[in-house]
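> only geometry, no sequence info:
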């Protein structure tokens, strides 16, 4: 059965740019506030303030960026609560499926393969690869590997084990 779920809504490239901004600002021993991130994104990626805000919200909703609140310790910010951003701590248990569509590499509602880590948008699954009625979805890569009559070498067997999990 093909049931779609929303795994990620943020743009992976913009998320990477935001991570770079946070790391750069932290390396300067500063709090990665919205204003500092906005200035970095404007300077480095020519991004408008509204777009920075939208991408920060998307990444925060996907738990790819954590929102923090800290009380200022220096200068004019002493005792004033400030909102900042940081990279999230890694989850204790890794996710069993990708976050982005294997075909188009975009976020949104995706269908998970029942045999491996890959996910696809419904519109990215070719008609001939869609399952019948109540069958679980199996991606084209898994179908090709399972239909392959050749004996896999040890190198490829290890890769197959990783992809199937």
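That came through, no problem. All of these numbers come straight from a predicted model, not from anything done at the bench.

> residues near residue 90, how many?
The local packing count at residue 90 equals 7, with neighbours defined by other CB atoms under 10 Å. The way it works is simple: take the backbone N, C-alpha and C, and place the C-beta from them, glycine included.

> hmm, I typed the wrong one, I wanted residue 121.
What residue 121 shows, counting by other CB under 10 Å, is a neighbour count of 18.

> got the buried residues for stretch 82-96?
By neighbour count, and taking 16 or more other CB atoms under 10 Å as the criterion, the buried residues in stretch 82-96 are 84, 85.

> residues in contact with it: which ones?
Counting by CB atoms under 8 Å, 6 or more residues apart in numbering, stretch 82-96 makes contact with 18-19, 22-23, 26, 31-34, 37, 56, 60, 63-72, 117, 165, all of which sit outside it.

> one more pass at 7 Å, please.
With CB atoms under 7 Å, 6 or more residues apart in numbering as the test, stretch 82-96 has contacts from 19, 22, 31-34, 37, 56, 63-70, 72, 117, 165.

> what about the residues you listed, which are in strands?
By the criterion of DSSP state E, membership of these in strands covers 66, 67, 68, 69, 70.

> now the residues you listed as TSV including pLDDT, distance to residue 138 and neighbour count?
Output for these, formatted as TSV (pLDDT from 0 to 100; distance: CB to CB, whole Å; neighbours: other CB atoms under 10 Å):
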residue	pLDDT	distance to residue 138	neighbour count
66	94	35	14
67	93	38	13
68	91	42	12
69	88	45	8
70	81	48	14
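
> which of those sits closest to residue 129?
Nearest to residue 129 among these is residue 66, at 37.3 Å by CB to CB.

> am I right that residue 45 is in contact with residue 18?
No. Taking contacts as CB atoms under 7 Å, residue 45 lies outside contact range of residue 18: 9.6 Å.

> ok, the two, which is more surrounded?
Set side by side, residue 45 and residue 18 give different neighbour counts by other CB under 10 Å, the larger being at residue 18 (28 against 15).

> and the more buried one, what does it touch?
Residue 18 sits next to 37, 55, 56, 59, 65 when contact means CB under 7 Å, 6+ apart.

> residue ranges with poor pLDDT in the chain?
Low-confidence regions of the chain, defined by pLDDT under 70, span residues 1-3, 5, 91-92, 148-165.

> next, the angle from the top helix by length along it to strand 66-71.
Within the chain, and with DSSP state H defining each element, the longest helix by residue count is helix 12-27. Per axes from the mean of the first three to the mean of the last three CA atoms, to 10 degrees, the angle that helix 12-27 makes with strand 66-71 is 30 degrees.
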